[in-house]
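**Student:** pasting the structure only:
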């Protein structure tokens, strides 16, 4: 089986090997010429601290509230306390939406408005028929509310199971607890999560983040680097670093490409995505050809990265979080593509609205053109919708039930169709690295199948995507990228 040398700067001249039959067709590396002008353009792509924080990056050590959100349920491995977005907490304008009114109450309000309008236009005589139907409708609403209250008192609400899990282990792609396939629905259910009783200081030590230190004379600090990490899943449900790759942005020199022996016991190495197997990890540990823990890996990265070094990555918040690393000079190619896509959608929406406004002759979108001749042909039908709904008490209940069922039927059908639709494979979205590399660079990556991804290949793709943006977007009109850009796009793209 072919192998690939993996440089590990902390081990001197030693090197380790990783299986690489799926990494044979790697693109030709093209160096990027370093210049002050290029560095200035590259720095324009750096995200502000606010954008990084809103995108999931850790920009300061976690406080007590953040640590509470890290507590996991030992059964289903999910967060015990649901995390709320920080923007919702700080923004008082974002309030919970009011519940929708029942169809019956909406109909009563519509009849009341129609009654008032008819009294004003035609006098009280023509509004008496509508008033009688209004009273019958109110009685119907009262009866329905009483029946619903009585039903709620007699029938207990069904239990809501928030914790779903398998309590067995996986053997030959089957769960030992229920004998079902690995990707089958959980066989055990609990109504509430069970928080883990952490030892004092255990959670704080596990989620202690470190900022990039100031440089020393022995370090080989680079102007910009590209990073990619691979993670596995621990028994606690948290992601654990198992591989780290770091390359120089301009020369594409491989600075670090090594396995990282995890700090916690691993439940699933996710070999299909990480490209790392348990056997390879144990062999590297016995030969001392890997970093022992994320701390050693982070110190090795800091030999090449200083506070001003630009770190390029695709969804790099996962990589930095796995290293427990705080760095603020980051270019995330996922964020740049997301901003670009939403700007394009906002531009298309504006053009569409302008075309519709031109067709309406400049009128508001809710104003419809009415033909006066059509009104003359149908005299006396001022409120056709209301006249159609006027009926006896029994007849009044029928249209409401029909409208309710009509509204629910398509929704239920959509839900059933969504359940039947097959899930899209991971890494097939419009903003994933594989799709962008094919669109922007004409390059096929992540073709290893069950052998997993190549972190060096992904780091090179992230680096070339950032270079593509410098060459194709910034030469015409470039300026510093700020949080206001993201806010403006949100307003136009929503």
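**Tutor:** Alright, I've got the coordinates. Values in this document were obtained by computation on a predicted structure and should not be read as measured data.

**Student:** Would you double-check that residue 203 falls in a helix?
**Tutor:** Yes - under DSSP: H, G, I helix; E, B strand; the rest coil, residue 203 sits within a helix.

**Student:** Now do the contacts for the nearest residue to it once chain neighbours are set aside.
**Tutor:** Excluding the flanking residues, the one nearest residue 203 by C-beta to C-beta, 6 or more residues apart in numbering is residue 67, at 5.4 Å. From N, CA and C alone the C-beta is placed, and that goes for glycine too. Applying C-beta atoms under 8 Å, 6 or more residues apart in numbering, we find residue 67 in contact with 203-204, 207.

**Student:** let's go with 10 Å and repeat that
**Tutor:** 61, 198, 203-204, 206-207 (C-beta atoms under 10 Å, 6 or more residues apart in numbering).

**Student:** out of the residues you listed, which are buried?
**Tutor:** Buried members of the contacts of residue 67, counted by 16 or more other C-beta atoms under 10 Å: 203, 207.

**Student:** Quick check: the farthest pair among the contacts of residue 67?
**Tutor:** 61 and 198 (17.7 Å; C-beta to C-beta).

**Student:** hmm, back to that, would you reformat the contacts of residue 67 as a markdown table and include pLDDT and distance to residue 354?
**Tutor:** Converted to a markdown table, the contacts of residue 67 look like this (pLDDT from 0 to 100; distance: C-beta to C-beta, whole Å):
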| residue | pLDDT | distance to residue 354 |
| --- | --- | --- |
| 61 | 94 | 48 |
| 198 | 84 | 57 |
| 203 | 90 | 54 |
| 204 | 92 | 55 |
| 206 | 92 | 53 |
| 207 | 94 | 49 |
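
**Student:** give me the low-pLDDT residue ranges for the stretch 251-400 of the chain?
**Tutor:** 360-400 (pLDDT under 70).

**Student:** now do 80
**Tutor:** 357-400 (pLDDT under 80).

**Student:** all helices for it, in order.
**Tutor:** 271-274, 278-286, 294-301, 316-323, 333-360, 372-377, 384-389, 393-420 (DSSP state H, counting those that start in this stretch).

**Student:** pretty sure residue 448 is in contact with residue 455, am I right?
**Tutor:** No - at 11.5 Å, residue 448 does not count as touching residue 455 under the criterion of C-beta atoms under 10 Å.

**Student:** I figured residue 253 hits residue 29, correct?
**Tutor:** Yes - Residue 253 is within contact range of residue 29, at 9.2 Å (criterion: C-beta under 10 Å).

**Student:** Which residues are in contact with each of those two?
**Tutor:** Common neighbours of residue 253 and residue 29 (C-beta under 10 Å, 6+ apart) are residue 247.

**Student:** ok so, going back, is it correct that the residue nearest to residue 203 falls within a strand?
**Tutor:** No - going by three-state DSSP, the assignment for residue 67 is helix, not a strand.

**Student:** Would you quantify the distance from it to residue 179?
**Tutor:** 38 Å (C-beta to C-beta, to the nearest Å).

**Student:** now do residue 263
**Tutor:** Relative to residue 179, and taking C-beta to C-beta, residue 263 is found at 33 Å.

**Student:** who's more crowded, those two?
**Tutor:** residue 263 (13 against 10; other C-beta atoms under 10 Å).

**Student:** show me the contacts for residue 170.
**Tutor:** Contacts for residue 170 (C-beta under 10 Å, 6+ apart) come out as 176-177, 181-182, 267-268.

**Student:** which one of those is nearest residue 470?
**Tutor:** residue 268 (38.0 Å).

**Student:** The closest one: neighbour count?
**Tutor:** Neighbours of residue 268 (other C-beta under 10 Å): 14.

**Student:** Go ahead and confirm it touches residue 277.
**Tutor:** No - the pair residue 268 and residue 277 fails to qualify as a contact (C-beta under 10 Å) at a distance of 11.3 Å.
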